[in-house]
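1. Please find the sequence and the predicted model below.
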2 protein chains.
Amino acid sequence: MSLSHWLSTSISSSSAFLSSPIFNSRNQHVCLPPKDLVICRCVTASQEEKTVFKTKVSRNVNIAKLQAGYLFPEVARRRNAHLQKYPDARVISLGIGDTTEPIPEVITSAMAERSQELSTFEKYSGYGAEQGEKPLRSAIASTFYDGLGIEEDDIFVSDGAKCDISRLQVMFGSEVTMAVQDPSYPAYVDSSVIMGQTGQFQKDVEKYAKIEYMRCTPDNGFFPDLSTVSKTDIIFFCSPNNPTGAAATRDQLIQLVKFAKDNGSIIIYDSAYAFYMSDDNPRSIFEIPGAKEVAIETSSFSKYAGFTGVRLGWTVIPKQLLFSDGFPVARDFNRIVSTCFNGASNISQAGGLACLSAEGLKAMHEVVGFYKENTNIIVDTFNSLGFKVYGGKNGPYVWVHFPGQSSWDVFSEILEKTHVVTTPGSGFGPGGEGFIRVSAFGHRDNILEACRRFRQLYK
Amino acid sequence: MSLSHWLSTSISSSSAFLSSPIFNSRNQHVCLPPKDLVICRCVTASQEEKTVFKTKVSRNVNIAKLQAGYLFPEVARRRNAHLQKYPDARVISLGIGDTTEPIPEVITSAMAERSQELSTFEKYSGYGAEQGEKPLRSAIASTFYDGLGIEEDDIFVSDGAKCDISRLQVMFGSEVTMAVQDPSYPAYVDSSVIMGQTGQFQKDVEKYAKIEYMRCTPDNGFFPDLSTVSKTDIIFFCSPNNPTGAAATRDQLIQLVKFAKDNGSIIIYDSAYAFYMSDDNPRSIFEIPGAKEVAIETSSFSKYAGFTGVRLGWTVIPKQLLFSDGFPVARDFNRIVSTCFNGASNISQAGGLACLSAEGLKAMHEVVGFYKENTNIIVDTFNSLGFKVYGGKNGPYVWVHFPGQSSWDVFSEILEKTHVVTTPGSGFGPGGEGFIRVSAFGHRDNILEACRRFRQLYK
């Protein structure tokens, strides 16, 4: 790889980071070599040669295992490159799954009010509980877990499910083994690699050693054949699934909980899209009897209330969930959030509380309903073009099959010919190869325009 | 330890968590045994005996190394116990260092406006760059690092310095060695233990094995004798220091940078209290020539703008900082924030930008000035009582010496007799034994009342 190629491609980054490159020509002492360059010499301002100083600190070998950039910054990088190539194009982003519709006013008003209150002596507040404010924890328990035996003190409020996944990984440490649905949200695998739970990436199978990939395909209805799945300590399971949009049925989740119980595993259940369910499937793993002894659930306001930028989520760790020595998992997680986190922003928490008011819930359901209409439009479009389409009914993602084709090739062709950004299925694991994920998060006119272009491309 | 004792004391937690105990008598299947109980049997609702289910997942051995709870939740727990004992007492908290004064209106208005804008089609925004919004990164660079060669793209905006310390530890991984000032902010040591960088806690010396404790005492002016410090990969250094309030001079920081350079170490420099400096010491490690090749700096809006609950901080990783193989540290940190974090709340970032406006900076300096007046009052009080008092001049903490006494005993006596919460020095490391940290964060009348009580107690 040439240095110039490395300079132009090697930083995986989202747009703001890219727009001001880390390598700045003004700084003439800077020289950042590719990994395989042992010595790097630069021309200094005075035109003398000088060896760049390196510390003696070794790079974390686990981070070095990671392949390329995190998926979504990589998609953003390619979108930006496309924009540079076609500066006048109307690029439509149905990639990362970023919410586009305004947050209902009842929610933003509550955040504005809380902001203003912070300038008053009477209502100012500083450090909150790392676990979240009591009224919000209580509202989450009663709204999402009513009758399920989950209580306020089982709930840890956070700045988002992705952040909690990482904190859960820090809690479990490097010695656990883990299983993921294949395909799945890449943060599960990447955080596992970072924590040293895995071996090296095996290019031939596109998998990390020591991770159990539970293949989810149209053939098995996107639910893994558990009889072929090896026992692991941790099982990441996302339903409705990102990226496939598939939601597990009650019977399937009963199987999953039994599987975990038989193996003594802990399920980390990601229910961040539960509000998008049309079918009568469980919204929470805790609807399944016995799940409290084997499962953690993580979720988020991001896709319910448009909080992708506001940052608010939560994780449920029932007091019944115990390590092998009988130590409560919640106690260790409490130690992690106390040491590594300081709670979600109090303003975001005020927004979360407003989300769970009667008016807020109604407003959230309307926004979710809007995106579900988008989903139907995308599903109908690809169906009418003769594609096999999955998902859509129970999640905001449409999973389109391009049998025999490379996901990145399809991604590139769609971007080049329609100026629409999607997400390549292979970015979610080898089981996603040959698929494209189309996000339903978008303004209606953009969704309609993207579908018009898809029809043009695939007519 | 009896089960009932464990139930009442073992959860280290802040107030909200404690107020609804994790063990709820209504839930009759719950039984959470102490670690040393191998089997635990509980009476079920039907009065039959039933063995509690345990997973087969082993508890992370590194977390098991941690001693007691994280310091500040433990202080909060004792405060709450005191409140239960004396429900009518006017308890004054000069413990955790929580800001008490309202956030200047120019800043809260900006956050309120951003909140409201999120309900509009024109101004709604979803996911931001994980590294932070460009205008804020740019304003941080120009406000705090003008002329120091730190650029916008060297800055990572975060939800706070404590959270960034943890993410830095995740980046460095388990194989690095580290040094800390002794005493120091406990998150450095605790996050190092969690990541597996240390050995067990050695009760005889009150230290974790494999951590280099750099003793900072009145005798050495709270700057370690570097000639006796072993080489480590990472050196945590906080100036102005929490808890001692001591600020390193330019000469001392030149020594520190040279020491790091000679050893090939990386300094993690915590400058969260730089605004509190009265003396003409460096506000940033990057004022020292060559520091960009050996140092990371982390800081926060918490103590400048009262953002302890709003959550906003930043970390600077110069592009010149390289691992031993020449790989830029900033690139790995970028991968960590992309994978394990989703950026600070956009509303908090709007607040941060307002902080750095001309009006915001003036308002922040006024609040800092108010707390500095508090510091003077506390210093004068203890001086007049004949105590040896350190800190105060360059940081918002007063470090009071009680030679030969146990910090926790002094803490308890002060709490019991004056209803004032302080922080025991030994919570910051063995070098803090015999000291009490008194925080200057408080309403003026509380500071005056606390000092009146101190005078009463120690007259």
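-> Looks like it came in fine. Please read these numbers as outputs of a predicted model, since none were measured by experiment.
2. can you point me to the longest helix in chain A?
-> Ranked by residue count, the top helix of chain A under DSSP state H comes out as helix A:358-384.
3. After that helix, which helix or strand is next?
-> The helix or strand immediately downstream of helix A:358-384 is strand A:389-391, counting by DSSP states H and E.
4. ok, then the element right after that following strand?
-> Downstream of strand A:389-391 (by DSSP H and E), the next one is strand A:397-401.
5. near chain B, which residues of the stretch 151-300 of chain A?
-> Counting by CB under 8 Å from any CB of the partner chain, the stretch 151-300 of chain A comes close to chain B at A:151-154, A:159-160, A:162-163, A:166, A:170-176, A:187, A:190-191, A:194-196, A:233-234, A:260-261, A:263-266, A:293-294. Every residue, glycine included, has its C-beta placed from N, CA and C.
6. Next step: those residues restricted to strands.
-> A:234, A:266 (DSSP state E).
7. What about the residues of the stretch 151-300 of chain A next to chain B, which are in helices?
-> Among these, the members falling in helices (DSSP H) are A:162-163, A:166, A:170-172, A:187, A:190-191, A:194, A:260-261, A:263.
8. Export these as a markdown table, with columns for pLDDT.
-> Below are those laid out as a markdown table (pLDDT from 0 to 100):
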| residue | pLDDT |
| --- | --- |
| A:162 | 96 |
| A:163 | 98 |
| A:166 | 98 |
| A:170 | 98 |
| A:171 | 98 |
| A:172 | 98 |
| A:187 | 95 |
| A:190 | 96 |
| A:191 | 97 |
| A:194 | 98 |
| A:260 | 98 |
| A:261 | 98 |
| A:263 | 98 |
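9. May I see those arranged in a markdown table, with neighbour count as well?
-> Shown next, in a markdown table, are these (neighbours: other CB atoms under 10 Å in any protein chain shown):
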| residue | neighbour count |
| --- | --- |
| A:162 | 25 |
| A:163 | 26 |
| A:166 | 24 |
| A:170 | 27 |
| A:171 | 24 |
| A:172 | 28 |
| A:187 | 24 |
| A:190 | 27 |
| A:191 | 23 |
| A:194 | 26 |
| A:260 | 26 |
| A:261 | 17 |
| A:263 | 20 |
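10. Could you single out the nearest of these to chain B?
-> Using CB to the nearest CB, residue A:166 comes nearest to chain B of those, at 3.6 Å.
11. quick one: contacts for the residue lying closest to that closest one once chain neighbours are set aside?
-> Spatial nearest neighbour of residue A:166, excluding adjacent residues (CB to CB, 6 or more residues apart in numbering or on different chains): residue B:340 at 3.6 Å. Taking CB atoms under 8 Å, 6 or more residues apart in numbering or on different chains, we find residue B:340 in contact with A:162, A:163, A:166, A:187, A:191, A:194, B:167, B:170.
12. if I pick the third one, what's in contact with it?
-> It refers to residue A:166. Residue A:166 touches A:187, A:191, B:170, B:339, B:340, B:341, counting by CB under 8 Å, 6+ apart.
13. picking that back up, I'd like to know how far the residue nearest to residue A:166 sits from residue A:148.
-> Residue B:340 sits 29 Å away from residue A:148, going by CB to CB, to the nearest Å.
14. Much appreciated, bye for now.
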